[in-house]
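K.L.:
Quick one, fold the following:
(one chain, ligands or ions: 2)
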Amino acid sequence: MTTQVVGVAGGGLMGSGIAQVAATAGMSVRLFEHDAAQRPRAVAGITRSLDRFVAKGTLAPEARDAALERLMLATSLDALHDCDLVIEAIVEDLAPKQALWRALESICRDDCVFATNTSSLSVVEQAAGLQHPERMLGLHFFNPVPMMALVEVVRSVRTSARALEVATTFVGAVGKTAVVARDESGFIVNLLLVPYLLDAVRALERGVATIADLDAAMHLGAGHPMGPLTLLDFVGLDTVVRIADIMFDQYRETRYAPPPLLRRMVSAGYTGRKSGQGFYDWRGDEPVPMELGL
Ligand code: CAA
Ligand code: NAD
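P.N.:
Residues are numbered from 1 along each chain as shown. Ligands and ions are numbered 1, 2, ... in the order given. Prediction:
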């Protein structure tokens, strides 16, 4: 049940982190990213992160080099044909994920386990149309993947015991802690965290405090490692709007409805650190709160 060869589809914030921890754990990794311009950025992000561990003395330089050696940048999904496990971390949208799984089902071995890193989409809906839906489950990593210990293992009503065993063994092998969650939107953490993040934007809209003060208050007053607006910039404002829309559609509770300001910022291209601007301008040495004309 041990995973030796891992495929990762999607080389963005999460896919690159997942590829990094699997390669660091000694697995061969095939990272497929469909946007050619993103591929070098994925490798650069992985290298930067590995270098931070080397600088801290928690990773030997040789181990960093070996991890990079085990990481293959795939330019076609066909390169994932020999994977024991494939994890997708592409855009948070059901149709592209379903299309990706259907494509992979004709490429990968029948015993290859399929895992989605989705934040809020149904696992069983992603498996719809597959010959073997029992092979699929969720492996929900947290951002930044190299630093966050939790992985939510999401089993659908169709997930097989074998898939669960392969997935939980993999989570241990990459040094993370698995918590099994039900296939319900938001699973455990996001069910609680997303309304908190949206409430921070609503507080900003109402003029409760400035961007910097809202973050300082939760960092200093509640001991959070980073404030909610900084965390939104980390996660990606576009990703949070997609997650919130999916959860609102599922639960029809206003606490999951994205605030108008958040949508407007995504429409303006302010998607957070990954675009350089979100609630903060990340393009300089230090993040600077944005003037949003509130
Ligand atoms: N790779 C390697 N090392 C990293 C790193 C990375 N990506 N990020 C941080 N580090 C290291 C730093 O080098 C630093 O090491 P030293 O202190 O030994 O020098 C250490 O981690 C602390 O980093 P920072 O000093 O930059 O800042 P920090 O103390 O705040 O830690 C953090 C960074 C771990 C990200 C911390 O801020 C944190 O835990 N933030 C909360 C993140 C969070 O809530 N994630 C969940 C988001 S929700 C989600 O992911 C689910 C979803 O579906 C949206
Ligand atoms: P991202 O935008 O940083 O990366 C997504 C990547 O997938 C992009 O590089 C994009 O080019 C690529 N992509 C899109 N369609 C593709 C396809 N058909 N084939 C191959 N690559 C494709 O997004 P992200 O933040 O890494 O999120 C990815 C997934 O992980 C989403 O489902 C998200 O909900 C989930 N997630 C995100 C976080 C977070 O904090 N950002 C945390 C946990 C889970």
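K.L.:
rest of the way, CA atoms for contacts and neighbours
P.N.:
OK.
K.L.:
Now do the same contact list for the closest residue to residue 77 other than its chain neighbours.
P.N.:
Distance criterion C-alpha to C-alpha, 6 or more residues apart in numbering; nearest residue to residue 77, sequence neighbours excluded, is residue 32 at 6.5 Å. Listed by C-alpha atoms under 8 Å, 6 or more residues apart in numbering, the contact set of residue 32 reads 7, 8, 9, 10, 11, 73, 74, 75, 76, 77.
K.L.:
Give me the pLDDT value at residue 32.
P.N.:
Note on residue 32: pLDDT of 98.
K.L.:
hmm, stretch 191-202 touching ligand 1?
P.N.:
No - using C-alpha under 6 Å from any ligand atom, stretch 191-202 stays clear of ligand 1, with a minimum separation of 7.2 Å.
K.L.:
Using CSV, list the CA coordinates for that stretch.
P.N.:
C-alpha atoms of stretch 191-202 as CSV (Å, rounded to 0.1, in the frame of the first residue of the first chain):
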residue,chain,number,x,y,z
LEU,A,191,-16.7,24.9,7.4
LEU,A,192,-15.5,27.0,10.3
LEU,A,193,-12.7,29.0,8.7
VAL,A,194,-14.4,30.4,5.6
PRO,A,195,-17.2,32.3,7.5
TYR,A,196,-14.5,33.8,9.7
LEU,A,197,-12.5,35.0,6.7
LEU,A,198,-15.7,36.4,5.0
ASP,A,199,-16.7,38.1,8.3
ALA,A,200,-13.4,39.9,8.3
VAL,A,201,-14.1,41.4,4.8
ARG,A,202,-17.6,42.3,6.0
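K.L.:
neighbours around residue 254, how many?
P.N.:
10 (other C-alpha atoms under 10 Å).
K.L.:
do the same with residue 218
P.N.:
For residue 218, using other C-alpha under 10 Å, the count is 16.
K.L.:
Next, the contact list for the spatially closest residue to it that is not a sequence neighbour, please.
P.N.:
Using C-alpha to C-alpha, 6+ apart and skipping residues adjacent in sequence, the residue nearest residue 218 is residue 227, 5.4 Å away. Applying C-alpha under 8 Å, 6+ apart to residue 227 gives the contacts 214, 215, 216, 217, 218, 219.
K.L.:
Looking at these, which are in helices?
P.N.:
214, 215, 216, 217, 218, 219 (DSSP state H).
K.L.:
and of those residues, the nearest to ligand 1?
P.N.:
Taking C-alpha to the nearest ligand atom as the measure, ligand 1 lies nearest residue 219 of the ones in helices among the contacts of residue 227, at 9.6 Å.
K.L.:
right, and residue 171 touches residue 151 too?
P.N.:
Yes - between residue 171 and residue 151 there is a contact at 7.1 Å, judged by C-alpha atoms under 8 Å.
K.L.:
shared neighbours of those two, which are they?
P.N.:
177, 178.
K.L.:
Please report how far residue 132 lies from residue 120.
P.N.:
Noted for residue 132: a distance of 22 Å to residue 120, by C-alpha to C-alpha, to the nearest Å.
K.L.:
for residue 162, same thing?
P.N.:
Residue 162 is 23 Å from residue 120, by C-alpha to C-alpha.
K.L.:
For these two, indicate the residue with more neighbours.
P.N.:
More crowded of residue 162 and residue 120, by other C-alpha under 10 Å: residue 120, with 24 against 14.
K.L.:
can you pull out the strands in the stretch 1-150 of the chain?
P.N.:
5-9, 28-32, 71-74, 85-88, 113-116, 136-141, 150-155 (DSSP state E, counting those that start in this stretch).
K.L.:
Sheet partners, orientation included, of the third one?
P.N.:
Paired with strand 71-74 in the same sheet, following DSSP bridges, are strand 28-32 (parallel).
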